[in-house]
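> Quick one: sequence plus predicted model below, questions after.
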Amino acid sequence: MTDDIPKQFLRFGIVGVAGFVVDVGVLYAALALGAGPYVGRGASYLTAATSTWYLNRRITFAARRSASLGPEWLRFVLCNAVGGLLNYAAYAVWLHYFGSAGLVPACGVAIGSLSGLCVNFTLSRQLVFREPNSPVSDIYE
């Protein structure tokens with residue numbers, strides 16, 4: 001069965017919006033608890049990555065999910081670290097130029113999220129939630 005890539009990308013984007021809400025919520029909670037904008041962003045990113053892994057597993061790539069939760073989550077986090085680095089770099093550059101007051105961190109999270117979207121979709125589809133019995137599957141199992 002061939003996957004409908006545009007529909008998957010749309011679902012991935014919708015899950016990404018949910019991840020954005022988690023990301024910003026955790027970031028502002030961390031800031032309220034005294035964490036700086038960079039440490040808080042690290043915590044918020046990891047929380048958002050875990051929530052988007054779960055939602056992508058259940059919604060976007062339900063037919064492709066692995067039976068092994070731990071290894072799949074680890075592959076997701078590691079593969080999405082590439083997009084995560086782009087995400088964090090865009091966030092840090094935004095804060096550098098615009099500060100960290102008010103909605104500036106939320107705007108930085110949005111810019112960072114968009115910068116990693118295509119990279120994360122491609123790596124998630126090809127390496128994390130891949131077709132069963134694909135040639136790549138032997139490498140990671």
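Done, it's in. Numbers count the residues shown, from 1 in each chain.
> all contacts plus neighbour counts: C-alpha atoms, from now on.
Noted.
> Please report how far the most centrally placed residue in the chain lies from residue 96.
Nearest to the mean C-alpha position of the chain, by CA atoms, centre = their mean, lies residue 49 at 4.4 Å. From residue 49 across to residue 96, the span is 24 Å (CA to CA, to the nearest Å).
> before we move on, the earlier item: helix or strand for the residue nearest to the centre of the chain, just tell me which one.
Under the criterion of DSSP states H and E, residue 49 resides in helix 37-55.
> ok now do residue 76, which residues does it touch?
Contacts for residue 76 were tallied using CA atoms under 8 Å, 6 or more residues apart in numbering; they are 53, 124, 128.
> repeat for residue 59
residue 11.
> Now it: phi and psi?
Per-residue torsions, residue 59: phi -110, psi -60 (degrees, to the nearest 10).
> Could you check how far it is from residue 82?
Residue 59 is 22 Å from residue 82, by CA to CA.
> What of residue 35?
Counting by CA to CA - residue 35 and residue 82 are separated by 24 Å.
> May I see the buried residues of the helix ranked longest in the chain?
The residue-count maximum for a helix in the chain (DSSP state H) belongs to helix 69-98. Neighbour-count burial for helix 69-98 flags 72-73, 75-77, 79-81, 83-84, 86-92, 94-95 (criterion: 16 or more other CA atoms under 10 Å).
> tilt between that helix and helix 37-55?
Angle, helix 69-98 to helix 37-55, by axes from the mean of the first three to the mean of the last three CA atoms, to 10 degrees: 140 degrees.
> Name the next helix or strand downstream of helix 69-98, please.
Sequence order places helix 104-123 as the next helix or strand after helix 69-98, per DSSP H and E.
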